[in-house]
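[1] model this:
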Amino acid sequence: MGITQISDAKSWEVDVINSDIPVFVDFWAEWCGPCRMVGPVVEELASDYDGKVKFVKVNVDEANELASKYNVFSIPTLILLNKGEIVSQQVGAASKESYKNMIDRALA
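    Numbers count the residues shown, from 1 in each chain. Coordinates of the predicted model:
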């Protein structure tokens with residue numbers, strides 16, 4: 001399934017809010033060092049949870065209205081949503097295990 005890039009409210013509505021499976025959102029920016037460290041981990045998770053969780057990336061420089069709506073003041077911010085509701089959130093880079101725990105709790 002891979003990772004979907006989202007840059008506007010319309011695709012957010014379709015890909016995140018209306019998703020029938022949980023969605024793991026990576027709010028990031030090109031200039032953010034920790035975001036670049038998290039990127040490969042998110043790609044691995046997308047592969048590990050293919051078909052069970054949808055993965056999307058939101059560049060805060062291109063979609064600052066989405067970042068504002070979800071109170072993203074620091075990046076990377078990773079949010080897990082289910083049926084449009086936030087079930088878990090992590091601000092700052094963390095380990096793959098930490099993200100797996102976040103996802104597994106939502107799937108339980």
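[2] other residues contacting stretch 8-28?
    Outside stretch 8-28, the residues that touch it by C-beta atoms under 8 Å, 6 or more residues apart in numbering are 3-4, 6, 35, 38-39, 42, 45-46, 49, 51-60, 63, 65-67, 70, 72, 75-82, 84, 87, 99, 103, 106-107. Quick note: C-beta positions are derived from backbone N, CA and C, even for glycine.
[3] specify the beta-bridge partners of the nearest residue in space to Val42 that is not next to it in sequence.
    Leaving aside its chain neighbours, Val42 sits nearest to Asp26 (5.1 Å; criterion: C-beta to C-beta, 6 or more residues apart in numbering). When bridges are assigned using DSSP bridges, the partners listed for Asp26 are Lys57, Leu78.
[4] quick one: Asp26 from Tyr70, how far?
    For Asp26, the distance to Tyr70 (C-beta to C-beta, to the nearest Å) stands at 12 Å.
[5] now do the shared contacts for these two.
    Counting by C-beta under 8 Å, 6+ apart, nothing touches both Asp26 and Tyr70.
[6] of these two, who's got more company?
    Each of Asp26 and Tyr70 has its neighbours counted (other C-beta atoms under 10 Å); Asp26 has more, 24 against 16.
[7] roughly how far does Asn59 sit from Ile6?
    9 Å.
[8] also Gly84?
    14 Å.
[9] higher neighbour count, the two?
    When Gly84 and Ile6 are compared for neighbours, Ile6 comes out ahead with 22 against 12, by other C-beta under 10 Å.
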